[in-house]
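Chemist: Return atomic coordinates for the entry below.
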Amino acid sequence: MPIYVDADACPVKAEVERVATRHRLHVLVVSNGGIRPSANPLLETVIVPEGPDEADKWIAERAGPGDVVITGDIPLAAKCVAAGAQVLRHNGEALTAENIGNVLATRDLMADLRSADPFRQGGGRGFTKADRSRFLDALERAARRISAG
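Modeler: Numbering: from 1, shown residues only. From the prediction side, this is the model:
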């Protein structure tokens, strides 16, 4: 049961490596390139072809029950949740069958609002130390479930 990391623009790769090493879990770090591979034998770097959503497609085709997926991409998260995978956002929020519909709807609403106002500045809030801490806690709990199961 691997951990899949949607690695393009992922701010928690080092945290994933630390937790996976502690629990001896296999991690697939998936990107279009441009990231430095880890020397850690538990981490496998997967480079997918250039193009929009290629890493997402690769992960979505493989993730399933018992797997953990780390992503900030909501459509990818929805596919992985539907396939039975456990999904964590970078801030530690778990995306589940119970909340993914609402998260998708909110994402779509915000995209519509941004497109309706081309002068809208800014976006979401920045990634904080508290987000990193919540992520580490959530991933540690997920790793324990994997190790026990």
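
Chemist: Now Ile74: closest residue in space, sequence neighbours ignored.
Modeler: Sequence neighbours aside, Arg107 is the residue nearest to Ile74 in space, at 4.6 Å (criterion: CB to CB, 6 or more residues apart in numbering). C-betas here are computed from N, CA, C, even on glycine.

Chemist: Equivalent analysis for Ser38, please.
Modeler: Glu17 (6.1 Å).

Chemist: how about that neighbour, secondary structure?
Modeler: helix (DSSP: H, G, I helix; E, B strand; the rest coil).

Chemist: Model confidence for it, exactly?
Modeler: Predicted confidence (pLDDT) at Glu17: the value is 96.

Chemist: which residues sit against the longest helix belonging to the chain?
Modeler: Across the chain, the helix with the greatest residue count (assigned by DSSP state H) is helix 129-148. Contacts to helix 129-148, defined as CB atoms under 8 Å, 6 or more residues apart in numbering, come from residues 1, 3, 11-12, 15-16, 19-20, 22-25, 66, 68, 70, 86, 88-94.
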